[in-house]
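# with the sequence up front, the predicted model follows.
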Amino acid sequence: MTELKNDRFLKALLKQPVDRTPIWMMRQAGRYLPEYRATRAQAGDFLSLCKNADLACEVTIQPLDRYPLDAAILFSDILTVPDAMGLGLYFEEGEGPKFKQTIRSEKDLDLLSTPKMEDELGYVMNAVRTIRRELNGRVPLIGFTGSPWTLATYMIEGGSSKEFRHAKAMIYNQPDVMHELLNRLALVVTDYLNAQIEAGAQAVQIFDSWGGALSHAAYLEFSLKYMQQIIGGLKREHDGRQVPVILFTKGGGQWLEPMAESGADALGLDWTTSLTDARRRVGNKVALQGNMDPSVLYASPDRIRDEVERILSEYGQGTGHVFNLGHGIHQFVDPANAGAFVEAVVELSPKYHR
Ligand code: CP3
């Protein structure tokens, strides 16, 4: 077991006392950093960057060299899973992710294979091992996956979508096909997270980026149920340490009570929910992560600091809060403003832990 020099992120997720509120940023390695753009150019393109363990490690650590962050997140993508299941992921410049094949019917399910984790997804595990070695206990490493529902939207639509026309039609017209697809994804994702944990991921986050697009009933039946199935199948301890699980449904503020029963240790919140409210509603069951609107980073450092203070006071005294943005950092943010944000959390949060 390597000694962790900074474990306040893991402690806060488990509601153990900390000296200050830990912080990391969703999408902290990315295009807003000039050094990321340089490494990506060296790799050639985004997918080649994900598949090169040394370069993926380099971009994972870049934000930690700039800011006093309390966690690193594996540099990869949620769409590696449908790619490994056979759908053929590619990126078209300026258009986001696309798949060569889509799942629209029962027959299309035959296109899907069950990937071997150290084979088709071996590059992800290699990246995890390389990053752990390079971090050398500096901060914990977060592994991640997309939720079955969120992955299914890309597999059914063939790329990004605003309305989820085909995916939602499948829920209502072919619910059995949808359940079969989600069940297969849940099995693969359980394996995928366990392989990341074996390789060295010290906490894991499930990104349910599009759960908030569902009706109340459909969220419980088509998204939360499968995340709960995954969480039930995860290794919760590795190398003598507990491995906390974070569940993040963007737009999921109305479902905090059922989410808190999912078995997750912490819930990620976007900026539409008040932390005071959320804390009252989940009680002692889970920790909370979030939830500054990423657009605040377009404001001045003084304004950013005020917003950090407001969010810290919304959560209030004590452990169980991991500071984060409510969604990924935008590509046009000035890196200096991201720095002002992290510093504000470091400077203003100790008084909430005395
Ligand atoms: O947080 C991190 O620093 C780790 C890396 C990470 C990426 N994607 C890198 C990435 C993580 C955790 C993800 C997750 C991801 N990928 C999600 C869930 C999180 C969320 O934001 O809701 C989703 C929906 C995807 C799918 C995806 N990947 C899209 C829609 C895009 C294009 C979006 C865009 O901004 O162009 C990607 C590409 C992608 N993934 C980039 C990065 C840094 C940009 C690629 C580039 O360098 O051009």
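Everything's here; your move.
# is the helix of greatest length in the chain in proximity to the ligand?
When the chain is parsed with DSSP state H, its longest helix is helix 175-199. No: against the ligand, helix 175-199 shows no contacts by Cβ under 6 Å from any ligand atom, the least distance being 12.2 Å. Backbone N, C-alpha and C define where each C-beta goes, glycine included.
# what's that helix packed up against?
With contacts defined as 3 or more Cβ pairs under 8 Å, 6 or more residues apart in numbering; DSSP states H and E, the packing partners of helix 175-199 are helix 80-82, helix 122-135, strand 141-146, helix 148-157, helix 165-173, strand 203-208, helix 225-232.
# so which of the ones you listed is nearest the ligand?
Across the helices and strands packed on helix 175-199, the ligand has its closest neighbour in strand 203-208 (3.8 Å, Cβ to the nearest ligand atom).
# okay, how far is it across stretch 159-172, tip to tip?
Terminal residues of stretch 159-172 lie 20 Å apart, using Cα to Cα, to the nearest Å.
# so what touches it?
If you take Cβ atoms under 8 Å, 6 or more residues apart in numbering as the criterion, stretch 159-172 is touched by 95-99, 102, 104, 152-154, 156-157, 177-178, 210, 213-214, 218, 222.
# now the angle between helix 225-232 and the longest helix of the chain, please.
Put simply, helix 175-199 runs at 30 degrees to helix 225-232, going by axes from the mean of the first three to the mean of the last three Cα atoms, to 10 degrees.
# so what touches stretch 107-125?
Contacts for stretch 107-125 (Cβ under 8 Å, 6+ apart): 50-51, 53, 74, 76, 80-81, 84-87, 101-103, 177, 180-181, 184, 187-188, 191-192, 195-196, 198-199.
# what residues of that stretch count as buried?
For stretch 107-125, a neighbour-count test (16 or more other Cβ atoms under 10 Å) marks Asp108, Leu112, Pro115, Met117, Glu120, Leu121, Gly122, Tyr123, Val124, Met125 as buried.
# from the residues you listed, which is closest to His330?
Closest approach between these and His330, by Cβ to Cβ: Val124, at 25.3 Å.
# show the pLDDT at that closest one.
At Val124, the model reports a pLDDT of 98.
# now a PyMOL select for only the buried ones of the contacts of stretch 107-125.
To isolate the buried members of these in PyMOL, using 16+ other Cβ under 10 Å:
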select buried, resi 50+51+53+74+76+80+81+84+85+86+87+102+103+177+181+184+187+188+191+192+195+196+198+199
